[in-house]
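Asker: Compute the structure for the input listed below.
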Amino acid sequence: MTKYELDARSTVYHSEYCHKIQVEAKCLTDMVMNQVVPPTTEYQLTLAGAIAATKAVQIGSSGDNTRSQQQLLATITTNVNRLINETENVTQWLAEAESMDPVTQARYVLLSAAVLLPHTRERLVLTVL
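Answerer: Purely as a prediction, here's the structure:
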């Protein structure tokens, strides 16, 4: 093969790779924003309501009986906020990558995906658990 043919083939492979990573990232952001965040925020509201109702009737005679529930609510809130921020980072990364030529895009996607996506997936799993 000539150098021109090798460069062309390399560009095609880079474009295919970038497209696969971008599809995976778009799927991840869509799942997070449409299937994880809405039910999680609904649960936050339910939990906050239960905490407020428990405090209103002052169940039990000693101190605060909602401490565990408040800690759970704080953990959920922290994780959801972190997840939304990471999803916004992935969305920004996708927008930046789409404006590049195929070879530059492949380098950018390769470096960014290696750093950004695994951490986002890891946080998604930890948040859902």
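
Asker: Okay, now the unreliable bits of the chain?
Answerer: 59-63, 109-129 (pLDDT under 70).

Asker: how about a cut-off of 80?
Answerer: Filtered on pLDDT under 80, the chain yields the residue ranges 14, 18, 58-65, 97-98, 100-129.

Asker: Need the residue closest to the centroid of it.
Answerer: residue 87 (3.9 Å; C-alpha atoms, centre = their mean).

Asker: just checking, what packs against whichever helix or strand that residue is part of?
Answerer: For residue 87, the enclosing helix or strand under DSSP states H and E is helix 67-98. Contact here means 3 or more C-beta pairs under 8 Å, 6 or more residues apart in numbering; DSSP states H and E; on that basis helix 67-98 packs against helix 3-31, helix 37-57, helix 102-128. For every residue, glycine as well, the C-beta is placed using N, CA and C.

Asker: which of those sits most buried?
Answerer: Ranked by mean neighbour count, the helices and strands packed on helix 67-98 are led by helix 102-128 with a mean of 15 (mean count of other C-beta atoms under 10 Å).

Asker: For stretch 4-14, what is the distance to the chain centroid?
Answerer: Chain-centre distance of stretch 4-14: 32 Å, with C-alpha atoms, centre = their mean, to the nearest Å.

Asker: Residues contacting it, please?
Answerer: Residues outside stretch 4-14 that contact it (C-beta atoms under 8 Å, 6 or more residues apart in numbering): 1, 102-103, 105-106.

Asker: Mind doing that once more with 10 Å?
Answerer: When contacts are defined by C-beta atoms under 10 Å, 6 or more residues apart in numbering, stretch 4-14 is touched by residues 1-2, 101-107, 109-110.
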